[in-house]
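Below are the sequence and a predicted model; questions follow.
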Amino acid sequence: MSPTRFLRTCTYSLPLAALAALAATAGAADLPVKPTAGELVKQSQPADWRPLDPNNTLYMELPGGRVVIELAPDFAPENIANLKTLVREKYFDGLAVLRSQDNYVAQWGDPDAEKNPKPLGTAKAKVAGEFTVPMANDKHFVRQMDFDGYAPQIGHSNGFPVGRDPKTKTTWLAHCYATVGVGRDMATDSGNGAELYAVNGHAPRHLDRNITAVGRVVSGMALLTTQPRGGQEMGFYGANEARTPIKSVRLAADVPEAERSHLEVMRSEAPIYKEVVEAQRNRGGPWNKFSPNYVELCNAPMPVRERPAL
């Protein structure tokens, strides 16, 4: 149906102001063609990327493959130190994915934690929640100039999506897709890293500053998003439901070089970073017909790639 015919058929129900706006939209010029975020990534230079730090990268091996998690020690130093202790003492080996709640989180840990918990070894049973940390911890913040209802300022730091509050001089990791956090009970110090989750759907930003986030999944997220939904409340698996076992969790630094995943993350401070965000804030034509001049923090994820062969 042509715009003119569409307007004629709708005059009985639309006010004149709405008709005028619709007519203007129908006759608007196409948006100019602009480079997409993917095209900008292809134009990037080696200096625009940084390799994952083996001392802050976890490999969780599932039957279907490897989940790679990059840790953010600037934002949760005490919780990450305890998590590394658990990993190095092989606490997670033989445990399982406990929960899969669609469009929320996938969670893993000890299925028998309530009745017959696996010993924590030398790791702490309780760690103070690090819901926020001093802004001075973060030396890599690059601000994203968009409004955000959950934080006075937003941006990326070393590729992690973060919020910050200059009044309280605090900062925190935002709960975007693939963010990894520490499960806890009511008490703020009831988490210790023995039970973790990854956001598998629309960003639950209400969790920001209410729970400790320790990093994000940079590869293998599909292995978590495709877990069958648990049949119990909040997506937990019941006693008779099959759980995906965890073969092992290792710190990349403890894995032989030949067996490591060689991934790179775009540097937040690289000039091309602003171009990538802008490409998502104002997408060009011809497919897009409207440019919002806005992008949510969680809709501007930092690119990750396999390290190019030399």
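Arrived safely, thanks for sending. Residues are numbered from 1 along each chain as shown.

And the residue nearest to residue 266 when sequence neighbours are not counted, its phi and psi?
Nearest residue to residue 266 in three dimensions, chain neighbours excluded: residue 303, at 4.6 Å (C-beta to C-beta, 6 or more residues apart in numbering). C-betas here are computed from N, CA, C, even on glycine. Dihedral pair for residue 303: phi -70, psi 140, per degrees, to the nearest 10.

Tell me which residues touch residue 303, please.
For residue 303, the contact set (C-beta atoms under 8 Å, 6 or more residues apart in numbering) comprises 37, 41, 265, 266, 276.

same deal with residue 197?
Residue 197 touches 99, 105, 106, 107, 108, 180, 181, 183, counting by C-beta under 8 Å, 6+ apart.

give me that answer again for 6 Å
105, 107, 181, 183 (C-beta atoms under 6 Å, 6 or more residues apart in numbering).

Most neighbours of all these, which one?
Each of the contacts of residue 197 was scored for neighbours by other C-beta atoms under 10 Å, and residue 181 scores highest at 27 neighbours.

Retrieve the pLDDT associated with that residue.
As predicted, residue 181 sits at a pLDDT of 98.

How much space separates it from residue 255?
Taking C-beta to C-beta, to the nearest Å as the measure, residue 181 falls 24 Å from residue 255.

Residue 256 - how many residues pack around it?
Using other C-beta under 10 Å, residue 256 has 6 other residues around it.

re the thing from before, which one of the contacts of residue 197 sits closest to residue 158?
For the contacts of residue 197, the minimum distance to residue 158 (C-beta to C-beta) is 17.4 Å, reached by residue 181.

Would you mind giving the secondary structure of that closest one?
Under DSSP: H, G, I helix; E, B strand; the rest coil, residue 181 falls in the strand class.

go on, the one 10 residues further on?
Following three-state DSSP, the label given to residue 191 is coil.

Pull up the distance across stretch 280-287, start to finish.
14 Å (C-alpha to C-alpha, to the nearest Å).

hang on, I meant stretch 219-232
One end of stretch 219-232 sits 28 Å from the other (C-alpha to C-alpha).

I'd like the average pLDDT over that stretch.
Mean predicted confidence for stretch 219-232 is 97.

repeat for stretch 87-94
The model assigns stretch 87-94 a mean pLDDT of 98.

Which residues does it contact?
Contacts for stretch 87-94 (C-beta under 6 Å, 6+ apart): 121, 246, 248, 249, 251.

Narrow those to those that are buried.
Buried members of the contacts of stretch 87-94, scored by 16 or more other C-beta atoms under 10 Å, are 246, 248, 249, 251.

which one of the contacts of residue 197 is nearest residue 64?
For the contacts of residue 197, the nearest to residue 64 is residue 107 (17.1 Å; C-beta to C-beta).

pLDDT of the strand or helix carrying that closest one, averaged?
In the assignment (DSSP states H and E), residue 107 maps to strand 105-109. The average pLDDT within strand 105-109 is 98.

Pull it out as PDB, backbone CA atoms only.
Extracted C-alpha coordinates of strand 105-109, given in PDB (Å, rounded to 0.1, in the frame of the first residue of the first chain):
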ATOM      1  CA  VAL A 105      20.600 -16.300  34.000                       C
ATOM      2  CA  ALA A 106      22.300 -19.700  33.800                       C
ATOM      3  CA  GLN A 107      23.800 -20.700  37.100                       C
ATOM      4  CA  TRP A 108      26.400 -23.300  38.200                       C
ATOM      5  CA  GLY A 109      27.900 -24.800  41.400                       C
END
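
how distant is the helix or strand following that strand from the center of its chain?
Downstream of strand 105-109, the first helix or strand assigned by DSSP H and E is strand 133-134. Chain-centre distance of strand 133-134: 20 Å, with C-alpha atoms, centre = their mean, to the nearest Å.

cool, and stretch 101-115?
Chain-centre distance of stretch 101-115: 18 Å, with C-alpha atoms, centre = their mean.

do stretch 165-175 as well
Remark: stretch 165-175 is offset 17 Å from the chain centroid, using C-alpha atoms, centre = their mean.
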